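Engineer: Make a model of this:
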Amino acid sequence: MADPRQVSVVIPAFDEEDAIGGVVADLLGRRPWREVLVVDDGSSDQTAARATAAGARVVRHPYNKGNGAAVKTGIREAQGDVILLLDADGQHDPEDADRLVERVGVYDLVIGARAAKDQKWGRALGNAVFRALASWLTGRDIPDLTSGFRAARRDRLVEILHLLPNGFSYPTTSCLALLKAGYNVAFEPIRARPRVGRSKIRAMRDGTKFLLIILKIVTLYRPLKVFFPVSLASLLVGLGYGVWNVAQYGKIPMGAALAVQLAVVVFLFGLISEQIASGQERR
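Structural biologist: Numbers count the residues shown, from 1 in each chain. Okay, the predicted model is just below:
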């Protein structure tokens, strides 16, 4: 287990005055962490004051930049060798923190995996779709792609800092980036409690971003996982349409030829991208 005195607890927070004091107090009452660092992302309420009163070190953004931007500030400011990240809304149980932290060392990143029953049905359904897509693209079973409760080596997070978005997609990005970079990633079952207050995640807006992030990261590391299925689909459509037209009308239509050409072009782009990605990994 990582020594708690080398663990920086980082909590991104935006307008969480009702929950943040209790979260900080619970954490400080359980282990002698090196620090509990709250990054106040431009809150308009008493989030910073209540976090300070509870014993946290607070870093403030002058305006709201996004959850991911607050996490990046926390990673830069953290003084410990290990970083424990959790949300400020009270849904993460501090009792689970030990089980996440104790596996860091053997693993570079340990993610708290929530059970589907602990999530609202709409969000659980969306997360299941994202998990299935990410698992197929990465070749690794991913029980929870969007959990914000995680522990990691700070140097590994610094390494991928430039890839992390400023919005709510940082859990997805950090998980996929470290997996595809070949680092050790583990998932630890946790219990998720009902959050205090209203969630700031919007299903359509942030769901679209999560999907684009998955494709972006996998395209960055394993482009053919994306390009090959698109190329194959285009080829099958072109051939099928062409064969049907030859059988019916005795000629190959322009649409079928264009679909086959598109398949070849997409596949060649995939090969070029794969070579570029391989060169980046060797460096």
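
Engineer: Could you count how many residues lie near Gly255?
Structural biologist: Neighbourhood size, Gly255 [other CB atoms under 10 Å]: 13. For every residue, glycine as well, the C-beta is placed using N, CA and C.

Engineer: in which helix or strand would I find the closest residue to it other than its chain neighbours?
Structural biologist: Sequence neighbours aside, Tyr241 is the residue nearest to Gly255 in space, at 6.2 Å (criterion: CB to CB, 6 or more residues apart in numbering). When elements are assigned from DSSP states H and E, Tyr241 belongs to helix 224-249.

Engineer: In three-state terms, how would Ile11 be classified?
Structural biologist: Each residue gets one of three states, and Ile11 gets strand by DSSP: H, G, I helix; E, B strand; the rest coil.

Engineer: swap in Ala113?
Structural biologist: strand.

Engineer: OK, contacts around it?
Structural biologist: Listed by CB atoms under 8 Å, 6 or more residues apart in numbering, the contact partners of Ala113 are 143-144, 147, 187-190.

Engineer: Report the beta-bridge partners for it.
Structural biologist: Beta-bridge pairing for Ala113 (DSSP bridges): Pro189.

Engineer: ok so, going back, drop anything exposed from the contacts of Ala113.
Structural biologist: For the contacts of Ala113, a burial check counting by 16 or more other CB atoms under 10 Å picks out 143-144, 147, 187-188, 190.

Engineer: Got the phi and psi for Val7?
Structural biologist: Val7 adopts backbone torsions of phi -110, psi 120, taken as degrees, to the nearest 10.

Engineer: let me redo that: Asp81
Structural biologist: phi -80, psi -20.

Engineer: so it touches Arg153, yeah?
Structural biologist: Yes - with contacts counted by CB atoms under 8 Å, Asp81 reaches Arg153, the gap being 6.9 Å.

Engineer: Gly68: what's its closest spatial neighbour, skipping adjacent residues?
Structural biologist: Nearest one to Gly68, counting by CB to CB, 6+ apart, is Tyr170 at 3.8 Å.

Engineer: hang on, Val38 in a helix?
Structural biologist: No - going by three-state DSSP, the assignment for Val38 is strand, not a helix.

Engineer: What sits closest to Ile190 if chain neighbours are left out?
Structural biologist: Per CB to CB, 6+ apart, closest to Ile190 is Gly112, 3.8 Å.

Engineer: ok, back up a step: how many neighbours does the residue nearest to Gly255 have?
Structural biologist: With other CB under 10 Å as criterion, Tyr241 counts 18.

Engineer: That one reaches Ala257, doesn't it?
Structural biologist: No - here Tyr241 lies out of contact with Ala257, judged by CB under 8 Å, at a distance of 9.6 Å.
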